[in-house]
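> Provided below are the primary sequence and the corresponding predicted coordinates.
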Amino acid sequence: MPTACSRLAPSPTGALHLGNARTFLWNWALARTQSWQLVMRIEDFDGPRVRPGAAQASLETLKWLGLDWDGPALVQTDDRDPYVTAIEGLAQRGLAYPCTLSRREIAAAAPHEDDHEIPFEPSLRPPDAGRPMDFHPEEGTHWRLVVSPEAEPVSDMLRGELDCYPARECGDFVIWTVRDEPAYQLAVVVDDIRQQVTDVVRGDDLLPSAARQQLLYRHLGHPAPRWWHLPLVRGSDGRRLAKRHGDTRIDHYRDSGVPPERVVGLLAWWCGLLPERSPLSAADFRDRFDETALPSDDVVMTAEDDAWLRG
């Protein structure tokens, strides 16, 4: 039986904050206590949002916290060929098609209430969608995956059994962008396949992506991994932790003289591994790790948490 494998995959679009660190630390401890492989990936297919030096800074921050991984990091932009091969195969099987419609045009054709994501309706498909074709990236053209209306069951190790409906949530989603690079959904599936990832650990804001990625796994002829979607860390306003809640970057605390044990201790408390905030090393976090102790509700970072970190 193949060795189980998980992955750490920071995106070099900014510095790691406490919410990111909690997920990475929990993922690392799960892998190490289960004797899994743990691989590193730099997900840098994000065009102008990629910040110079952010990838190396993320690796150094994770090492400062006490995390390690197996082997060198895979950098997406080092080799485009696996992604091109994947979309060529999807297009030749009639599962992907080019689309020139803008977000505004899609929104005008399919009125909706949620400004975050606009479902791409089947009525917007071009006449040749669903037919075998050759993949030719062109300026101003996305490539989308044909999404059927059926439910896509998702089995999550933390959330249980769920029925998702990608056709309702997003419709035919983009798998190749106008920048002539793979979109997130295609890129991570191709990477997980080539890195032989069996377990994906991430925040539950990405739970809808599990169903979309399962479609791609199936089309590419590979089984989907086991999913572990953790509750999020939120600010006092209930929104996902971000810049609006102040500077919660790990490097901000590090540069302020906060030791890694204090950061890890707060994260351990958030993960249900300590009865109160207390300094803890990553090794001790691993030794105390219990996946069943993870609270099922989102964590809210408070001013008291920030004050405790600063000692």
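Okay, I see it.
> from here on, just use CA atoms for contacts and neighbour counts.
OK.
> what are the ranges of the strands in the stretch 201-311 of the chain?
Counting by DSSP state E, counting those that start in this stretch, the stretch 201-311 of the chain has strands at residues 226-230, 233-234, 299-300.
> contacts for the longest one?
Contact with strand 226-230 is made by 23, 155-159, 198-204, 206-207, 210, as judged by CA atoms under 8 Å, 6 or more residues apart in numbering.
> how far out from the middle of the chain is it?
The chain centre lies 11 Å from the centre of strand 226-230; the measure is CA atoms, centre = their mean, to the nearest Å.
> same check, this time on stretch 185-204
Distance, centroid of stretch 185-204 to centroid of chain: 8 Å (CA atoms, centre = their mean).
> would you map the helices across the stretch 101-250 of the chain?
Residue ranges of the helices in the stretch 101-250 of the chain, as given by DSSP state H, counting those that start in this stretch, are 103-109, 166-169, 184-194, 207-219, 250-255.
> for Gly47, give me the pLDDT.
Gly47 is assigned 64 on the pLDDT scale.
> make that Pro111, sorry
Reported pLDDT for Pro111: 60.
> equivalent analysis for the one 3 residues further on, please.
Confidence per residue is given as pLDDT, and for Asp114 that number is 52.
> C-alpha coordinates for stretch 58-69, PDB please?
Only the C-alpha atoms of stretch 58-69 are listed here, as PDB (Å, rounded to 0.1, in the frame of the first residue of the first chain):
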ATOM      1  CA  SER A  58       7.300  31.600   4.200                       C
ATOM      2  CA  LEU A  59       9.700  28.700   4.400                       C
ATOM      3  CA  GLU A  60      11.900  30.500   6.900                       C
ATOM      4  CA  THR A  61       8.900  31.300   9.000                       C
ATOM      5  CA  LEU A  62       7.700  27.700   9.100                       C
ATOM      6  CA  LYS A  63      11.200  26.600  10.100                       C
ATOM      7  CA  TRP A  64      11.300  29.300  12.800                       C
ATOM      8  CA  LEU A  65       8.100  27.800  14.300                       C
ATOM      9  CA  GLY A  66       9.800  24.300  14.300                       C
ATOM     10  CA  LEU A  67       8.200  22.700  11.300                       C
ATOM     11  CA  ASP A  68      10.000  20.500   8.800                       C
ATOM     12  CA  TRP A  69       9.100  18.600   5.600                       C
END
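> what residues of that stretch count as buried?
Buried positions in stretch 58-69, judged by neighbour count with 16 or more other CA atoms under 10 Å: Ser58, Leu59, Thr61, Leu62, Trp64, Leu65, Gly66, Leu67, Asp68, Trp69.
> for the last one, give me its contacts.
Think Trp69. Applying CA under 8 Å, 6+ apart, the residues contacting Trp69 are Gln37, Leu38, Val39, Met40.
> who's the third one bridged to?
When bridges are assigned using DSSP bridges, the partners listed for Val39 are Arg7.
> does it touch Asp70 like I think?
Yes - Val39 is in contact with Asp70 according to CA atoms under 8 Å; the separation is 5.3 Å.
> these two: who's more crowded?
The neighbour comparison of Val39 against Asp70 (other CA atoms under 10 Å) goes to Val39, with 22 against 11.
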